[in-house]
Structure formats: C-alpha cells, structure tokens
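A.B. asks: How does the following fold in three dimensions:
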Amino acid sequence: MYEFYDREITYSLGAEQASGVKTVLSGSFSLSSVFTVSELAMATIVAAAKELAALVGKTTVSVDRFATELWCSSTIRPEGWALPNPWDPVAGNYRTADGWIRLHTNVPAHLAAALRVLGTKPERSQVAAATLAWSGRELEQAVNDAGGVAAHMVGLSEWAAHPQGEAVAAEPLISWSPHHATSTRLPSFQGNLCGLRVLDLTRVLAGPVATRFLAGFGAEVLRIDPPDWAEDGLEPEVTIGKRCAGLDLRNPEDRDRFEMLLAQAHVLVHGYRPGALDGLGYDAMRRRQINPSLVDVSLSAYGWTGPWHTRRGFDSVLQVKTGLAQEAMHRTGANCPVALPVQVLDHGTGYLMAAAVLRALRLLVTDGKPRSARLSLARTAQLLIEGGVRDTIIKPTHNTHITCLPETTHWGPARRIDFPVKLDCEGPRWRYQAAPFRSAQAYWPDDVNRIGIPGRSKP
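C.D. replies: Sure thing, here's the model as predicted:
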C-alpha cells in the first residue's frame, strides 16, 4: 500500500518528480490498525525528504520505518521533569441517545462552548450523563454553532454520501495556485535550507510538524502565536528548531510588525480556518500585496469547499467524522470508537505541507512563479480511506533498536528519538532548543542583530 500512497502523493505534487534522488528504507513497522497508517506516514515523510533532497542537492534519502511511526507521536523523554497531559480532562468520546460523539475541549473556549450547550460543570461524569439526552447530530450541531468542536460518529459510507464528504473527495490532495512575482529573493540552497525564512502561523498539530521538518534542515522558522494561546504538553514537541514569538493582530503596532515579518519572509505556513485571516484583514490578495514572491501553504480541517469548510476540527475529531473510528470499532469488535494508533492525519498532512513548500520553492527557482498550496486533514483522511481497509493485524512485539539523543530544552534535560530521515547520511541539526511560545522576539534574527532590538516580544 505504500506504493499507492507514494503514487498519489507524487501526482498531487505535480508532474515533475524528484528524479535522481535515491530512497533507502530500513527498519520495520510495528503499529496495528485496520487502516494502513504506517504506510501513509512513511509515504508522506519520504515525499518531504525527497523534495528537500532535490532542492538542496542531496542524492540519497534514508528513512527508518520504526522511527517514522515514533515521530508520529511523542518524541521527547524528559529527564527530571514531566510533560503536562496534552488532553483536557473532558475531551473524549461520549455516548449519545443514538450513538457516539467526540468532544474536543483542549482549547478553553471550546470547552466553555460544550459546557454551555450541555449545561454542566467540567466533570466527565456530568458531561457523560448530559450527552445521553441528545441525539448525536443535534448535539454536534449545537456545540459547533456555539463555537465549540464536536463530531457525531458516522460510518465510511455515511461520510462518503454527506455533502461535505463528497466535496472533500472531489478536492485534490494538494490544491495549487501559481502567481506572478516581481522578484524571488531566495537563498542558494547549497546542501540545506539556511537563509530560508518561514513564517509559521500554525497550531496543533499538522502545521507545526511541517515547520519542524523545515527547521531541522536549516530553515529559519519564526512561529507567531496570539497572547493567550497554549498547547499544554506539546511545546517541547513542536518548538524544537524554531523561534516562537507573540503578536496580537488586533493591535496596530503588532500588525505593523507582522506585515514587516511577512514582507521579508520567503514562506508563509498557516492553519487558520478558511476566512479567519481574511477577517483580520489578511486575505490572500492582501498577503500577496505585502509580499508578491511569497510561497503560501495553508491548512484547513474539513477541506476548502462544501458546507462545512469553515468548521473547526482536529485529527481526533476527523477520525470520528470521516468513518475511520467506526470502521475500526466494527472490525475489531470494540464497544466504543477506536482511534488510529497515531494521529497520522496530523502528521501525514504536516509532512505533505512540508513537501508542498519544498516543491513550490523548487519551481520558484525554475520559473520565477511563487505558488500557493492548500491541504486539509479531511482530504488526508480520504487518502487513508482510499488505501483500503483490512482485518486488524496484531504484530508481535519486537525489540527494534531506536536511538535517543541527549537534548537541552527550556524545561530541562531530555532525550529525543533520533529523527527518521537522513540526507546523504546527515540528519537534522536543530538550531534552537525547544522553548515556550512567545519566548522570542518577533523579528528575524539578522534584523535583531543589525538594529540592536532589545528585550522580548510582547506577551
């Protein structure tokens, strides 16, 4: 099935292939699922690696299967300190009067919306009792209308027949739009991505996976978060190699700063819901006015067309809504929704975003045309569904060797699983240690050095 995914991804990236790049695969898969999760993860990270190699002049890409699976989960092992639980206590699956519903409550505003609809306190027992009084579809609609995130579980066929499922299936895996630029202003890309400026406006988890990949191989990634955004337990995972600053795009001074950053960036990666940046005054036309040569890669949850294209969503929610959780529940004989063994919708889409960035840069070097690319979690879920379903394969536990490297983080010492990708036998080199959001200045580093800006960015 890896070959199927590789073929579909190659087609989505465009007719030109990363010719001349040799791929060497090692190790073995260990995950068990009714879907070909490991093969999809492998195909997406290989695609990103091959695009990178073709851009920077490397000839061989080596990828470890087992490490790829591990990098679709938690990669850091703290020493003498602990990671907070990334999940809010209320988040999870609940029975309804006619099935199951998934509530995603990690964001305080989303938790508050669900509790307002249900009329309960943030306690699982109370939430569980309240959801039983609702039909799944009605509760899903009510929570989403209130500004929360919920998904009533359906099967594969029901999702395929739904107007949103039909819309997603009709969309390309990567939707491309070429533009005309006045200049390219690109670095030389001699062996790595040094000099490439990537402005990162993404949240959990696909977008940060994309920019983490780019940062590991030399890109200068600057992540921008609003004043109150938090991702408990995930900062050490998603910030390695990056600088993280804070801006409030409703503040005039911060808007000026953001526009300066955008004008000087080579790449913008963003994961706001469709229309959200437009509402802040930064629609696609405005972004290109600020920076005509920008490579612009964006992500949505439910796709870019259809009645739900502006709906909020996350990997775990899309698993329930697209039929993946119900199919796994049915085939395994479980009595509740069954999640994928890793969040491959997030991680797979993240590596596809990185591949899209790198392909766009390769083409920009060739023809001078910057490109925009759009991807979605739902469309990646569709690709996984198209890969087919199988009976659960329980693979034996094995002692696959994995290397963990020592690392210094803001929170203390740790060890991190060695990255699965090597280019000509060289892995990533993380320029910055993992650190909290809003811990750096909202400037490109060479600007800070040149004009001597003191202090930190605004909280």
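A.B. asks: Which stretches in the stretch 51-200 of the chain count as strands?
C.D. replies: 60-64, 76-78, 92-96, 99-103, 150-152, 175-178, 197-201 (DSSP state E, counting those that start in this stretch).
A.B. asks: For this protein, list the residue farthest from the centre, please.
C.D. replies: A133 (34.4 Å; C-alpha atoms, centre = their mean).
A.B. asks: how close does that one sit to G57?
C.D. replies: Distance of A133 to G57, computed by C-beta to C-beta, to the nearest Å: 62 Å. (Each C-beta comes from the backbone N, C-alpha and C, glycine too.)
A.B. asks: Let me have the strands of the stretch 51-200 of the chain in TSV, extended by distance to Y5.
C.D. replies: Shown next, in TSV, are these (distance: least, C-beta to C-beta, whole Å):
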stretch	distance to Y5
strand 60-64	13
strand 76-78	27
strand 92-96	28
strand 99-103	26
strand 150-152	25
strand 175-178	18
strand 197-201	26
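A.B. asks: Just put the ones you listed in a markdown table and tack on distance to D256 and mean pLDDT.
C.D. replies: Putting these into a markdown table (distance: least, C-beta to C-beta, whole Å; pLDDT from 0 to 100) gives the following:
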| stretch | distance to D256 | mean pLDDT |
| --- | --- | --- |
| strand 60-64 | 41 | 97 |
| strand 76-78 | 36 | 96 |
| strand 92-96 | 42 | 98 |
| strand 99-103 | 39 | 98 |
| strand 150-152 | 38 | 98 |
| strand 175-178 | 27 | 96 |
| strand 197-201 | 15 | 98 |
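A.B. asks: Let me see the contact set for the nearest residue to the residue farthest from the centre of the chain once chain neighbours are set aside.
C.D. replies: Once flanking residues are discounted, A133 sits nearest to A97: 6.7 Å by C-beta to C-beta, 6 or more residues apart in numbering. Applying C-beta atoms under 8 Å, 6 or more residues apart in numbering, we find A97 in contact with 132-136.
A.B. asks: Would you point out the most distant pair within those?
C.D. replies: Using C-beta to C-beta, the pair of the contacts of A97 lying farthest apart is A133 and G136, separated by 11.6 Å.
A.B. asks: can you put the strands of the stretch 51-200 of the chain in TSV and add distance to D254 and mean neighbour count?
C.D. replies: TSV is the format used below for those (distance: least, C-beta to C-beta, whole Å; neighbours: other C-beta atoms under 10 Å):
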stretch	distance to D254	mean neighbour count
strand 60-64	40	20
strand 76-78	31	15
strand 92-96	36	19
strand 99-103	33	23
strand 150-152	32	26
strand 175-178	28	14
strand 197-201	13	24
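A.B. asks: G368 and P187, how far apart?
C.D. replies: Applying C-beta to C-beta to G368 and P187 gives a distance of 15 Å.
A.B. asks: out of these two, which sits in the busier spot?
C.D. replies: A count of neighbours by other C-beta atoms under 10 Å puts P187 above the other of G368 and P187, at 16 against 13.
A.B. asks: So what's the residue count around the closest residue to the more buried one other than its chain neighbours?
C.D. replies: Excluding its sequence neighbours, the residue lying closest to P187 (C-beta to C-beta, 6+ apart) is G195, at 3.0 Å. When neighbours are counted by other C-beta under 10 Å, G195 registers 16.
A.B. asks: measure G195 to A265 for me?
C.D. replies: Counting by C-beta to C-beta - G195 and A265 are separated by 12 Å.
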